[in-house]
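**Q** I would like the atomic coordinates for the input below:
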Amino acid sequence: MAATIKLSRIELSAGGVIYRRTRDAGLQVLLIRDSYGNWGFPKGHVEAGEDAADAALRECREETGLSRLQLAGPLGTTDWYFRFGRALVHKFCDYYLVEAAAEDLVQPHRAEGIQACEWMSPAELLGRITYSNARQIAQLALQRAGAGPAIEPGATRADGSAGRPRGK
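**A** Next comes the predicted model:
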């Protein structure tokens, strides 16, 4: 008899694409390297009673040590599936553009599994990000932060066209 996989749950997360402007380097975006060695953006579970925007700011602060962050607007939603034991989980992550003070110092939260935090230029960014859905979010973030048009021609928007479940 074949093993069956059932959709056991939906998980909701939120994260941020953190950027800053400096006199010397201009626009920079912060990436984190997680405990698996993957490069991406700070993100985590939305807690009970918390909305996605608040969760995104909290996760950005916790994972990077940055304290002077300001929400600059929504970017879109990514979703993916993964297995947890024999169950299939459908995870959604709402991303927000988040501005950091140029002089604020990053400190990776190693207890959370964050191995590194690194500021990079728009030209470096897309080549470093591990997952394609995060690259799509980065494209939109660069446009909204004023870095000009998308860097990779033909990139699609990660605006959550499938949407995430509401009211959950």
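**Q** could you pull out the strands for this structure?
**A** Using DSSP state E, the strands of the chain run over 6-22, 26-33, 39-40, 43-45, 69-84, 87-100, 116-120.
**Q** which stretch in these has the least confidence?
**A** Of all these, mean pLDDT reaches its minimum on strand 6-22 (a mean of 90).
**Q** what lies in contact with stretch 102-113?
**A** With contacts defined as Cβ atoms under 8 Å, 6 or more residues apart in numbering, stretch 102-113 is touched by 20-23, 30, 32, 34-35, 62-69, 114-117, 119. For every residue, glycine as well, the C-beta is placed using N, CA and C.
**Q** any chance of a markdown table for the strands of the chain, columns mean neighbour count and distance to residue 134?
**A** Below are those laid out as a markdown table (neighbours: other Cβ atoms under 10 Å; distance: least, Cβ to Cβ, whole Å):
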| stretch | mean neighbour count | distance to residue 134 |
| --- | --- | --- |
| strand 6-22 | 19 | 9 |
| strand 26-33 | 20 | 9 |
| strand 39-40 | 20 | 5 |
| strand 43-45 | 18 | 9 |
| strand 69-84 | 16 | 7 |
| strand 87-100 | 21 | 9 |
| strand 116-120 | 16 | 14 |
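**Q** dump the ones you listed into JSON lines; add distance to residue 131 as well.
**A** Formatted as JSON lines, these follow (distance: least, Cβ to Cβ, whole Å):
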{"stretch": "strand 6-22", "distance to residue 131": "12"}
{"stretch": "strand 26-33", "distance to residue 131": "11"}
{"stretch": "strand 39-40", "distance to residue 131": "6"}
{"stretch": "strand 43-45", "distance to residue 131": "11"}
{"stretch": "strand 69-84", "distance to residue 131": "8"}
{"stretch": "strand 87-100", "distance to residue 131": "11"}
{"stretch": "strand 116-120", "distance to residue 131": "16"}
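**Q** how about the ones you listed, which one is nearest residue 146?
**A** Nearest to residue 146 among these is strand 26-33 (6.9 Å), distances taken as Cβ to Cβ.
**Q** partners of the closest one, with directions?
**A** Strands adjacent to strand 26-33 in the sheet, as given by DSSP bridges, are strand 6-22 (antiparallel), strand 39-40 (antiparallel), strand 116-120 (antiparallel).
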